[in-house]
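Engineer: Below are the sequence and a predicted model for it; my questions follow.
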Amino acid sequence: MGLSSELFVGEGYLKTVSDEYDIRTTTLLIEEWEGALGIPDDCFKASGTIEERRRDVLVKLASLGVQTNEGFIDLGTIFGTAITIHAGIDVASVFPLPFPLVFFDTVKEARFTIVVDFVTEAANKFPLIFPFTFGSEEMAVLECLFNRLKPANCDIILRQV
């Protein structure tokens, strides 16, 4: 009988540790998660609500293994954003050339270009209502991540469609 209350307290601590170990439910160990992943950095500020900080940790974990188009698309999905990825050569072969690609001297330059299309809500398209912003904080984080994760020999063009 004397140990039962202490065993109950110990079981409570074990449950707390198990809940905090899961990034989707942590509150007490969020600083440790961020520190282990190097947050704050250029893309993540380690500020905001607990849900935003958990999302940032999940995105940083997911970005560690991104090597394919599907990996980039999955990162957008974490933010609830639909994106499509195109090779620059495919976009540059369409006439008329989209605005960012008009400045290429040759189609060879387009081979080393990745075009990322963000599907945005109607509120971010013209005509815009004052006050207006182009993109959101989530888009800025994704842009930073995509620029960090792209191959070194490639350029990346981000478009909102």
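Structural biologist: All right, it came through fine. Just so it is clear, the model here is predicted, and its values are computed rather than measured.
Engineer: Return the distance of the longest helix seen in the chain from the chain's centre.
Structural biologist: Ranked by residue count, the top helix of the chain under DSSP state H comes out as helix 4-21. Using C-alpha atoms, centre = their mean, to the nearest Å, the distance from the centre of helix 4-21 to the centre of the chain it belongs to is 34 Å.
Engineer: Buried residues in that helix, which are they?
Structural biologist: Buried positions in helix 4-21, judged by neighbour count with 16 or more other C-beta atoms under 10 Å: E20. Placement of C-beta: from N, CA and C, glycine included.
Engineer: what mean pLDDT does it have?
Structural biologist: Mean pLDDT, helix 4-21: 88.
Engineer: Using PDB, write down the CA coordinates of it.
Structural biologist: What follows is helix 4-21, C-alpha atoms only, in PDB (Å, rounded to 0.1, in the frame of the first residue of the first chain):
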ATOM      1  CA  SER A   4       1.200   2.200  -4.700                       C
ATOM      2  CA  SER A   5       0.900   6.000  -4.600                       C
ATOM      3  CA  GLU A   6       4.500   6.300  -5.800                       C
ATOM      4  CA  LEU A   7       4.000   3.800  -8.500                       C
ATOM      5  CA  PHE A   8       1.000   5.800  -9.600                       C
ATOM      6  CA  VAL A   9       3.100   9.000  -9.700                       C
ATOM      7  CA  GLY A  10       5.800   7.100 -11.600                       C
ATOM      8  CA  GLU A  11       3.300   5.900 -14.200                       C
ATOM      9  CA  GLY A  12       2.100   9.500 -14.600                       C
ATOM     10  CA  TYR A  13       5.700  10.600 -15.300                       C
ATOM     11  CA  LEU A  14       6.100   7.800 -17.800                       C
ATOM     12  CA  LYS A  15       2.900   8.900 -19.700                       C
ATOM     13  CA  THR A  16       4.200  12.500 -19.700                       C
ATOM     14  CA  VAL A  17       7.500  11.400 -21.200                       C
ATOM     15  CA  SER A  18       5.700   9.300 -23.800                       C
ATOM     16  CA  ASP A  19       3.500  12.200 -24.800                       C
ATOM     17  CA  GLU A  20       6.400  14.600 -25.000                       C
ATOM     18  CA  TYR A  21       8.500  12.300 -27.100                       C
END
